[in-house]
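Q: Take this sequence and fold it.
(one chain, ligands or ions: 1)
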Amino acid sequence: MRGSYNGCGLNVLSLLIFVLSQFVEGFSVENYVQKPAPGPIGRERIDLNRGWRFLRSTTNPDNLIYDERPDTLISNETVILKPWILPSANNFINDPAKQHERPDGNPGSEVPFVQGSFDDSEWDIVNLPHDWAIKGPFYTEEDAIVGGGMGRLPIHGISWYRRKLSLDRADKGKSIYLDIDGAMSYAMVWLNGNLVGGWPFGYSSFRLDLTPYLKAGEDNQLAIRLDNPTDSSRWYPGGGIYRNVWLTKVNPTHVAQWGTFVSTREVSSQSAEVDIVVDVENNGDTDSKVAVSTDIHAFDAVTGKAGDKVAEFQREVVHLDAGQKISINSSTTVENPQLWGPLPAKTPYLYIAVTKLFDKHKAIDTYETRFGIRSLTFDGERGLSVNGEHIRIQGVNQHHDLGALGAAFNTRAAERQLENLQNLGCNAIRMAHNPPATELLDLTDRMGFLVIDESFDCWEREKTANDYHLLFPDWHEPDLRSFIRRDQNRPSVIAWSVGNEVGEQYTEEAGAALAQKLHDIAHEEDPTRPATASMNYAKPNMSFPHAVDLISLNYQGEGIRDTPPYDGLEGITTPPLYPGFHKEFPEKLMFGSETAATLSTRGTYLFPVTNESSAPALDKEGGGGDPVSRRVSAYELYTAEFGSSPDKVFATQDDYPYVAGEFVWAGWDYLGEPEPYYLARSSYFGIIDLAGFRKDSYYLYQSRWRPDLRIAHILPHWNWPDRLGQVTPVHVFSAADEAELFLNGVSQGRQTKEASNYRFRWDDIVYRPGELLVTTYKDGEEWANSTVRTTGEAGQLRLTADRTDIRADGNDLSFVTLEVLDNEGNLVPSADNTTMFSLSGPGEIVATDNGDPADMVSFATTERKAFNGYALAIVRAKVDSSGTIILRATGMGFQHAEVILQSEV
Ligand code: GAL
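A: Okay, the predicted model is just below:
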């Protein structure tokens with residue numbers, strides 16, 4: 001082993017120093033209770049999520065603004081704060097000449113809300129992550145201030161969050177930072193009446209140095225102002241401090257923010273080279289000299305703790321002038337590494353690099369970096385290989401909201417999304433179209449998903465009046481660099497996407513030059529991963545694709561409006577462009593970064609059904625859409641006007657085997673973009689609906705992505721009292737190659753699936769109530785059978801929790817499904833009964849939903865109509881109080897149903 005340092009001995013010494021320091025600083029019971037559990041030596045990261053006061057206003061209450069904007073009137077009194085906010089970006093602007101100098105003055109200091117003496121006792125009390133808009137009510141009018149695109153919820157306005165911070169004696173001399181993981185948007189922060197800085201892009205995580213403004217004692221007043229414009233997005237952005245907030249306390253010389261970059265080379269199961277760059281900064285006003293050491297440990301994903309040490313980097317001693325930042329590079333070898341790879345083919349093993357700074361022999365900082373050892377190969381012919389083995393990308397696009405919980409990040413809600421996707425056979429997520437919550441990347445690392453991490457939905461050319469194009473000139477560099485530095489150690493992240501369908505695709509050389517610039521920034525930050533931007537317009541003979549490392553095609557791969565059902569629709573038409581791009585860029589890996597855009601409402605079937613394998617959802621007979629109920633038929637054949645059914649996408653992917661795979665638009669339904677019915681609230685694109693219930697397409701993807709799974713999924717349901725004697729097509733999703741359908745015991749024919757077919761379809765079945773049975777075969781052997789029956793009337797309710805034991809930490813959730821059943825216990829597939837949820841015990845009902853994009857009843861209500869048989873109640877355990885929680889559902893005069901949950905501290 002290289003290096004002279006014996007890590008074990010010093011750990012004991014450091015522990016001793018830590019224990020002693022607890023006594024020296026005054027060990028009162030009160031201090032003890034409020035102190036976080038001992039963390040890494042020299043560093044405290046304190047959760048600042050609880051106990052904020054909150055005010056929202058739809059008019060400007062303070063005459064402050066970040067900058068002029070199309071939606072705001074500037075008066076003589078308005079104070080523009082941009083010059084004071086821009087310096088917050090300086091660490092992420094590489095050219096010193098372009099960094100910003102803070103002007104004199106302290107704007108905003110006269111605003112009462114920033115002052116400690118202001119009485120905010122009338123304001124709401126909220127905990128973070130907080131999304132002020134999600135409780136609604138929904139705007140239902142045609143010309144609402146926030147329309148369908150942004151989810152019809154009151155996201156707009158100016159808000160203030162206030163909280164006290166206390167500084168104890170032990171903090172004297174420390175550097176103290178505020179770390180905000182995400183605030184929507186135009187965040188500006190004051191401490192004790194002083195403008196500290198801010199960060200306008202709502203999806204960026206950022207750090208502000210509070211040190212110069214803090215004073216000893218309990219009475220430090222933190223005040224954060226947000227300003228969330230309308231027309232800022234094409235989907236629901238949420239409003240508020242919707243991700244976690246932390247206070248980080250370190251010694252003046254410490255590992256900088258996101259100050260390590262670990263990457264791996266020459267990876268095999270025998271050994272791997274690991275490179276590390278450690279950025280150390282001296283935030284103090286005297287010089288310092290520190291020794292820097294990093295050990296690599298196995299990471300126990302269950303406990304979240306470091307396990308056995310497996311390697312170490314050479315220890316380095318560095319001198320830092322006051323205010324200086326230094327990067328230290330070193331490399332080491334890990335023998336017999338456990339490699340990281342996506343499930344189910346591989347295992348997502350993780351390691352943790354523990355970096356320590358020593359002043360003489362005293363540990364003054366400890367910084368942990370989770371990483372994985374893996375190799376990635378991007379090949380124009382073979383697609384993606386992980387650790388030398390080909391992995392087909394079976395991905396979905398995900399927006400950031402969590403359905404009825406809105407934008408407020410919740411780890412369990414995100415984990416539930418990923419669990420459902422993993423069960424689908426999905427192995428990859430494209431983070432559309434903005435930096436995700438860091439905890440979501442913790443999950444993708446741990447659960448073994450591949451991730452395309454995306455920064456922007458637009459550059460200089462706007463998509464909506466108040467979107468990122470307003471910020472792009474000043475902020476694209478810091479937003480992109482900070483995003484990459486934040487996420488660069490994630491083994492799940494395989495590529496950076498610097499843009500989605502940007503308008504610069506249309507501006508020839510100028511657009512390509514900008515793409516190149518962003519691509520180059522990404523490479524400067526991270527030379528180990530490719531950088532791409534998704535193209536829904538750029539063609540193989542244009543300049544734009546030359547500027548990206550991967551060919552990421554939105555819809556163009558499978559062709560846009562290129563089949564007869566789409567004739568006559570407005571917009572571009574292209575044949576499948578995979579072959580054209582492959583010819584022009586044979587070395588570049590190519591994939592469908594957005595595919596399908598199939599529309600459907602769970603459990604809804606409209607007749608007649610198109611005979612085509614893909615058709616636009618239109619409000620006409622056979623068009624799949626019903627503008628009155630705002631529902632789209634779930635035969636999974638109807639698409640956005642530029643889209644294709646899953647079947648059509650599968651066919652092109654199979655025709656061009658060099659294509660590395662696809663990211664379906666979209667995995668889960670999301671708030672906003674309710675194409676084709678903009679009076680609704682949420683999307684129709686998901687494979688899973690907004691509440692988490694599976695649509696029929698779930699089984700279509702599952703039978704392709706998990707071809708060993710023995711399923712045969714029949715659609716539609718078989719309760720059609722008004723369709724007696726009418727043609728009611730029956731389709732079956734299965735990986736089988738032959739199937740026979742029986743209606744009330746009578747064969748409706750045995751079918752063999754042709755190579756270009758991805759479903760069995762009996763389009764001439766005449767409806768009679770009773771039983772549909774399908775038997776399927778694969779390679780001549782029986783595969784899977786299933787039945788669907790006509791049910792009786794609704795007669796009972798059933799509640800089922802996804803988890804009955806939850807942690808009483810104020811965050812953990814149980815997702816409880818309500819099913820409306822007939823007296824025999826069959827789900828009644830069209831039931832829309834209204835149910836009242838009530839709860840007793842130490843928990844609360846946070847939200848309810850049913851997955852219907854057209855249900856405009858607030859998520860905050862406890863009275864919810866079932867939709868096509870199902871509804872959802874989301875229960876959260878109260879913080880620090882263990883006990884039995886009983887959730888009840890009553891309605892329609894049926895006997896109530898209940899489910900018992902246990903919460904434990
Ligand atoms: C794409 C876009 C996505 C989403 C999708 C479905 O063009 O990149 O953000 O809008 O269409 O409409």
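Q: residue ranges for the strands of the stretch 1-150 of the chain, please.
A: 43-47, 52-57, 64-65, 79-80, 124-126 (DSSP state E, counting those that start in this stretch).
Q: Please save the CA atoms from the helix or strand harbouring residue 740 in PDB.
A: Per DSSP states H and E, residue 740 falls inside strand 738-743. Provided in PDB are the C-alpha atoms of strand 738-743 (Å, rounded to 0.1, in the frame of the first residue of the first chain):
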ATOM      1  CA  GLU A 738     -49.200 -17.600 -29.800                       C
ATOM      2  CA  ALA A 739     -52.500 -17.000 -28.000                       C
ATOM      3  CA  GLU A 740     -56.100 -18.200 -28.100                       C
ATOM      4  CA  LEU A 741     -59.000 -16.200 -26.800                       C
ATOM      5  CA  PHE A 742     -62.200 -17.700 -25.500                       C
ATOM      6  CA  LEU A 743     -65.400 -15.800 -24.800                       C
END
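Q: Among the strands of the stretch 1-150 of the chain, which comes closest to the ligand?
A: Nearest to the ligand among the strands of the stretch 1-150 of the chain is strand 52-57; the distance by C-beta to the nearest ligand atom comes to 27.4 Å. Heads up, the C-betas are built off the backbone N, CA and C, glycines and all.
Q: buried residues in the closest one?
A: Buried residues in strand 52-57, counted by 16 or more other C-beta atoms under 10 Å: 52-56.
Q: Dump those residues into JSON lines; add pLDDT and distance to residue 231 as well.
A: Listed next are the buried residues of strand 52-57 as JSON lines, based on pLDDT from 0 to 100; distance: C-beta to C-beta, whole Å:
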{"residue": "52", "pLDDT": "98", "distance to residue 231": "27"}
{"residue": "53", "pLDDT": "98", "distance to residue 231": "29"}
{"residue": "54", "pLDDT": "98", "distance to residue 231": "24"}
{"residue": "55", "pLDDT": "98", "distance to residue 231": "23"}
{"residue": "56", "pLDDT": "98", "distance to residue 231": "18"}
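Q: Quick check, pLDDT for the nearest residue to residue 523 once chain neighbours are set aside.
A: Spatial nearest neighbour of residue 523, excluding adjacent residues (C-beta to C-beta, 6 or more residues apart in numbering): residue 531 at 6.2 Å. Note on residue 531: pLDDT of 98.
Q: With residue 880 instead?
A: pLDDT at residue 880 comes out at 87.
Q: and residue 825, how many neighbours does it have?
A: Look at residue 825: counted by other C-beta atoms under 10 Å, it has 11 neighbours.
Q: who touches stretch 252-261?
A: Here stretch 252-261 makes contact (C-beta atoms under 8 Å, 6 or more residues apart in numbering) with 42-43, 91, 173-175, 177, 179, 207, 276-284, 288, 290, 294, 320, 325, 353, 355, 357, 359, 364-365, 367, 369, 482, 485-486, 488-489, 526.
Q: number of nearby residues for residue 524?
A: Residue 524: 12 neighbours (other C-beta under 10 Å).
Q: go on, residue 485?
A: Using other C-beta under 10 Å, residue 485 has 21 other residues around it.
Q: hang on, isn't it packed against residue 524?
A: No: contact criterion C-beta atoms under 8 Å: residue 485 and residue 524 do not qualify, at 11.0 Å.
Q: Quick check, the residue in the stretch 251-400 of the chain closest to the ligand?
A: Nearest residue of the stretch 251-400 of the chain to the ligand, counting by C-beta to the nearest ligand atom: residue 397, 7.3 Å away.
Q: Which element, helix or strand, includes that residue?
A: strand 393-398.
Q: Downstream of that strand, the next helix or strand is which one?
A: As assigned by DSSP H and E, the chain's next helix or strand after strand 393-398 is helix 411-424.
Q: starting at the chain centroid, how far to the helix or strand just after that following helix?
A: Going down the chain from helix 411-424, the next helix or strand is strand 428-431, by DSSP H and E. Remark: strand 428-431 is offset 8 Å from the chain centroid, using C-alpha atoms, centre = their mean, to the nearest Å.
Q: Next secondary structure element downstream of strand 428-431?
A: Heading C-terminal from strand 428-431 (DSSP H and E), you reach helix 438-447.
Q: which residues are in contact with that next one?
A: With contact meaning C-beta under 8 Å, 6+ apart, helix 438-447 is reached by 181, 205, 244, 301, 340, 343, 348, 350, 370, 372, 409, 411, 414-415, 418-419, 422, 429, 431, 449, 451, 453, 486-487, 490-493.
Q: Mind checking which of those are buried?
A: Applying 16+ other C-beta under 10 Å to the contacts of helix 438-447 flags 181, 205, 244, 340, 348, 350, 370, 372, 409, 411, 414-415, 418, 422, 429, 431, 449, 451, 453, 486-487, 490-493 as buried.
Q: Near the ligand, list only the ones from those residues.
A: Among the buried ones among the contacts of helix 438-447, not one lies near the ligand by C-beta under 6 Å from any ligand atom.
Q: Identify each buried residue in stretch 163-179, please.
A: 163, 165, 167, 170-171, 174-179.
Q: Same check on stretch 194-201?
A: In stretch 194-201, counting by 16+ other C-beta under 10 Å, buried: 195-201.
Q: what's the spacing between it and its chain's center?
A: The answer for stretch 194-201 is 24 Å, by C-alpha atoms, centre = their mean.
Q: This completes my enquiry, with thanks.
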